[in-house]
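Peer 1: Build the 3D model from these lines:
(2 chains)
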Amino acid sequence: AQTVTQSQPEMSVQEAETVTLSCTYDTSESNYYLFWYKQPPSRQMILVIRQEAYKQQNATENRFSVNFQKAAKSFSLKISDSQLGDTAMYFCALASGYALNFGKGTSLLVTP
Amino acid sequence: DGGITQSPKYLFRKEGQNVTLSCEQNLNHDAMYWYRQDPGQGLRLIYYSQIVNDFQKGDIAEGYSVSREKKESFPLTVTSAQKNPTAFYLCASSFAVGGFSYEQYFGPGTRLTVT
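Peer 2: Take a look at the predicted model:
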């Protein structure tokens, strides 16, 4: 069985600061992908970043970067220079076959 | 513009009625998925389809049915057998190679309320 755990139900950060969202996972597969999705109040799910398990280099997309620790099965998301538009639910997800397994999400509030 | 459309955005039904949620994609993706989202929960997989005329049950398929007659379309029917159908439903699609699907792209969702 595959599981994804997000241990921080809610977080807040001030505008322009940096915040890190945590995610741990469990899988017995050797080939898998990890993703972070953002769900703003509109409820549209938006892909933020992806990481292939076979790649050692951490993925980066503009202000978003990950810290992928394969041995520890940890996949955290760092948001730099936080903006008000980053306020959203953030979901960590694991894919090792046909479908995604999602964590329960972290609600991030960016304050002025 | 390529994307995934779901209709309607809001849907209201009386208990005991079947209802069908629409999902269409023009991304030429092979695989399509239906998820259910409840408050405080992540997304849970209802059904998925990797090719036309074939689909598999996900984790919570009871009370739901699907069809995949065209590559672009994957409608979901919520039947009267679904005990707690009020939820937010998300459709997604992705490329799928060798049984492995890559990042999924989501539609805007349908909020179903059954009273």
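
Peer 1: do stretch A:102-112 and chain B meet at all?
Peer 2: Yes - remark: stretch A:102-112 sits within contact range of chain B at A:102-105, by C-beta under 8 Å from any C-beta of the partner chain. Yep, even glycine has a C-beta here, placed from its N, CA and C like the rest.

Peer 1: from those, which ones fall inside strands?
Peer 2: Of these, the ones assigned to strands by DSSP state E are residue A:102.

Peer 1: Among the residues of stretch A:102-112 next to chain B, which one lies nearest to residue B:72?
Peer 2: Comparing those against residue B:72 with C-beta to C-beta places residue A:102 closest, at 25.0 Å.

Peer 1: and that closest one, what does it touch?
Peer 2: A:4, A:37, A:91-93, B:42-44 (C-beta atoms under 8 Å, 6 or more residues apart in numbering or on different chains).

Peer 1: of those residues, closest to residue A:47?
Peer 2: Nearest member of these to residue A:47, counting by C-beta to C-beta, is residue A:37, at 5.9 Å.

Peer 1: Top of the residues of stretch A:102-112 next to chain B by number of neighbours, please.
Peer 2: In terms of neighbours by other C-beta atoms under 10 Å in any protein chain shown, these top out with residue A:103 at 25 neighbours.

Peer 1: wait, what's in contact with that residue?
Peer 2: Counting by C-beta under 8 Å, 6+ apart, the residues that residue A:103 touches are A:4-6, A:23, A:91-93, B:42.

Peer 1: repeat that for 7 Å
Peer 2: Residues near residue A:103 by C-beta atoms under 7 Å, 6 or more residues apart in numbering or on different chains: A:4-6, A:23, A:91-92, B:42.
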